[in-house]
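A.B. asks: here are the coordinates; sequence isn't available:
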């Protein structure tokens, strides 16, 4: 169930046209846990590092280097991150799946004459591989941004709404003056997301098209 939505006119971009909605990628549009787990297992085998892959995929959201710092000395992280990114296309794309409602949510933005963008901490090229594989077609993909830094891209594109699953996504929306819509398909529960300042909390993206229709009608009025 969604929490009470704030009036659109309380957000700086609410009246800007066309409608622009930003989406996070991992655990918002895409269940990338199987693919990330596969890539981390190959990385662990190559490096000999002891990595708890289940723990890794249960706290997705922050940048890759943040996660690798739990398993490798700081001086090794840049090289290990580069190797992980080399492994990623061959191991992480095929096992990953679209989350329920992902395609429909992007389509709902388009149906209202709007633009859908993806703003993610993941490398943009890898994000595009996921989206192409799953048949999800946003208007733009912006990568390597996390938390408040996501606000820069959201402001640049005039996004009125940012949809994500992590506390960092809520912070990004707030930094942009956009309305924060949070889904509980990632590592953060509804209570955490609301406490961080999410304006709307949905159990999954399946509830997003109906919410978006109401939001767009309210801002148009």
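C.D. replies: Perfect, I can see it now. This one's a predicted model, so the numbers in the text were calculated from it and none came from an experiment. Numbering: from 1, shown residues only.

A.B. asks: and residue 66, what element?
C.D. replies: Using DSSP states H and E, residue 66 sits in helix 64-68.

A.B. asks: Next: residue 195.
C.D. replies: Using DSSP H and E, residue 195 falls in helix 190-196.

A.B. asks: before we move on, what about residue 128?
C.D. replies: Using DSSP H and E, residue 128 maps to helix 124-134.

A.B. asks: got the buried residues for that helix?
C.D. replies: 124, 126-131, 134 (16 or more other CB atoms under 10 Å). (Each C-beta comes from the backbone N, C-alpha and C, glycine too.)

A.B. asks: again with stretch 22-42
C.D. replies: Under 16+ other CB under 10 Å, the buried positions of stretch 22-42 are 22-33, 35-40, 42.

A.B. asks: any idea of the mean pLDDT for it?
C.D. replies: Taken as a whole, stretch 22-42 carries a mean pLDDT of 98.

A.B. asks: ok now it, how far from the chain's centre?
C.D. replies: Taking CA atoms, centre = their mean, to the nearest Å, one finds the center of stretch 22-42 at 10 Å from the center of the full chain.

A.B. asks: can you tell me the distance between the two ends of it?
C.D. replies: Using CA to CA, to the nearest Å, one end of stretch 22-42 lies 32 Å from the other.

A.B. asks: show me what contacts the residue nearest the centre of the chain?
C.D. replies: What sits nearest the mean C-alpha location of the chain, by CA atoms, centre = their mean, is residue 24, with 1.7 Å. Residue 24 makes contact with 118-120, 162-166, 169, according to CB atoms under 8 Å, 6 or more residues apart in numbering.
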